[in-house]
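Student: Test case, fold it:
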Amino acid sequence: MPFSDLRELINFYQDRGEVHEVKEEFSPDLEISSLVWALSDRREKLLLFKRVRGYKIPVAANLIFHRNVISMGMDVDEGRLENSFRERLKQTIDPVNVEDAPVMEETDIGHINDVLPILKHYEGDSAPFITTAVVSAKDPESGITARGIHRMELRGRNELGMALLNPPLLDIYKDYAREGKPMPVAAVIGLEPLTFLSSALRVPRGVDKLSVGGALRGEPIEVTKSTLAGIDVPARAEFLLEGILDPQDERQDGPFGEICGYYLTVPKTPTFKVERISSRKSPIYHALLPRSREADLMLTFVAEAMFSPRIKEVFPFVNAFYFVPYTFGSSLVVQVERTSREDIRTLIVHLLSMAMIKKVVVVDQDVNPEDLREVEWAVVTRCQPDKDFIVLDGMKGQAIDPSSPSPLQTSKLGIDATGFERIRGWKRVSFSPKAVSVAESYLKTKLTSN
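Tutor: Purely as a prediction, here's the structure:
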């Protein structure tokens, strides 16, 4: 059964003992974000900060702490998750309108900086930033509601800078800006993971992302019309912000600590003039630390689910992929069956042609791609840099790569660490299956009890 909303997700994982509750009081100014970083790196648990200094509202973080959060929301076995995800993306289930929307339980609840415990994530950030807002606006061309996740910089009591860096909302905003007109928008905060995740997917213009989210959930997402502009928004969100984007009020945005681990400044972004804030009773604020386990897992899961089947179809000798954590999808390890060095080179060049990927290491079947010590061992013992390293220059890269000599251009590295046709007469050390079984039995009983 899919989670109906954020609080149902929290209750479910509380019953399973997979919620870490922080009962001490911490500040939203750098303290909570620092704790999110430390705790999410050490514990596979959802985080709930019960007491936030200066606010009455708790903060939830690290919602997608494991892939089983996505599989539970889709009601599928974790082993079938990627296949089910891809199949459901081929379908749509339209949202269903409801009148008594929980997100409207409390209206006109105050000013942004007085009500929402917006986090300042990193020391060099220009201000606190909302990183979990799903923004919606009507597309005048198609009449469909367009959506996206867009970070927002706190600029005043009821003003937020909205970074529209991607379509479809960027394209719609440009149409309004050309005519000098304000753009009506509605932003919600606090959604269950699949509705949130669907808002980050790329879909053709004219397709409501919530219909894709409904297909992922296996049932329609409930929506309600915003009060001011009649925009359909998720009815079971925790907060609803309504207002306009003002093209006459564009300001510098940032610095902002990005998922790449560096600060990014956008020369100018429009200001979201918030005219009304509504919420559920006793709402919960969802915070997403940009360079966190949750953000990295979301990005790499979607990337792997989307391109994995196509790669395996073209290169049937590929066994598995592993995106190196905290590299925002740019570093990839691929495990393959024995094949020719020419096949490996072709695979590497193909993968490096993808804008997101900057580095690829290919390993043999006896190397676990998720064990980076094993991968590094393979690199130093199974290849020669002058023969097995591939460097490609002038390739399309990512805008958030600070090392790029010019925007969206980079060089890339591929490493053939399989040892195919190179390692001869050398045999890898190993233990007998019986000895391994004895060791695993000891570890399971003794270490678990301690």
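Student: who's Leu47 bridged to?
Tutor: When bridges are called by DSSP bridges, Leu47 pairs up with His20, Ala61.
Student: quick one: it and Glu337, what's the gap?
Tutor: Separation of Leu47 from Glu337 (C-beta to C-beta, to the nearest Å) stands at 40 Å. Using the backbone N, CA and C atoms, a C-beta is placed for each residue, glycine as well.
Student: If you average the pLDDT over stretch 63-73, what comes out?
Tutor: Mean per-residue pLDDT for stretch 63-73: 94.
Student: How about residues contacting that stretch?
Tutor: 2-3, 6, 9, 12-13, 18, 40, 44-46, 77-78, 80-81, 84-85, 192-194, 196-197, 216-217, 286, 293-294, 297-298, 301 (C-beta atoms under 8 Å, 6 or more residues apart in numbering).
Student: how far does that stretch sit from the chain's center?
Tutor: Centroid separation between stretch 63-73 and its chain, computed with C-alpha atoms, centre = their mean, to the nearest Å, is 12 Å.
Student: Helices of this structure, start to end?
Tutor: Assigned helices in the chain, in chain order: 6-15, 31-42, 67-74, 81-88, 112-115, 169-178, 193-198, 209-217, 293-314, 341-352, 372-382, 385-388, 433-442, 448-449 (criterion: DSSP state H).
Student: got the contact list for stretch 49-58?
Tutor: For stretch 49-58, the external contacting residues (C-beta under 8 Å, 6+ apart) are 21-28, 31-32, 35, 48, 59-61, 115-117, 283-285.
Student: Buried ones only from the residues you listed, please, as a PyMOL command.
Tutor: Those of those that count as buried under 16 or more other C-beta atoms under 10 Å are selected in PyMOL with:
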select buried, resi 22+26+27+28+31+32+35+48+59+60+61+115+116+117+283+284+285
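Student: In contact with Asp114, which residues are there?
Tutor: Arg157.
Student: what about 10 Å?
Tutor: With contact set as C-beta atoms under 10 Å, 6 or more residues apart in numbering, Asp114 has these partners: 54-55, 157-158, 277.
Student: repeat for Ser353
Tutor: Shown in contact with Ser353 (C-beta under 10 Å, 6+ apart): 392, 395-396, 412.
Student: now Met162
Tutor: Shown in contact with Met162 (C-beta under 10 Å, 6+ apart): 130, 133, 135, 150-153, 155, 169, 173, 183, 185, 187, 245, 253, 269-272.
Student: longest single strand anywhere in this protein?
Tutor: Ordering each strand of the chain by length in residues (DSSP state E) puts strand 239-257 first.
Student: Quick check: buried residues in that one?
Tutor: For strand 239-257, using 16+ other C-beta under 10 Å, the buried residues are 239-247, 249-250, 253-257.
Student: by how many degrees do it and helix 31-42 diverge?
Tutor: Strand 239-257 runs at 80 degrees relative to helix 31-42, counting by axes from the mean of the first three to the mean of the last three C-alpha atoms, to 10 degrees.
Student: List the neighbouring strands of strand 239-257 plus their orientation.
Tutor: strand 183-189 (antiparallel), strand 263-279 (antiparallel).
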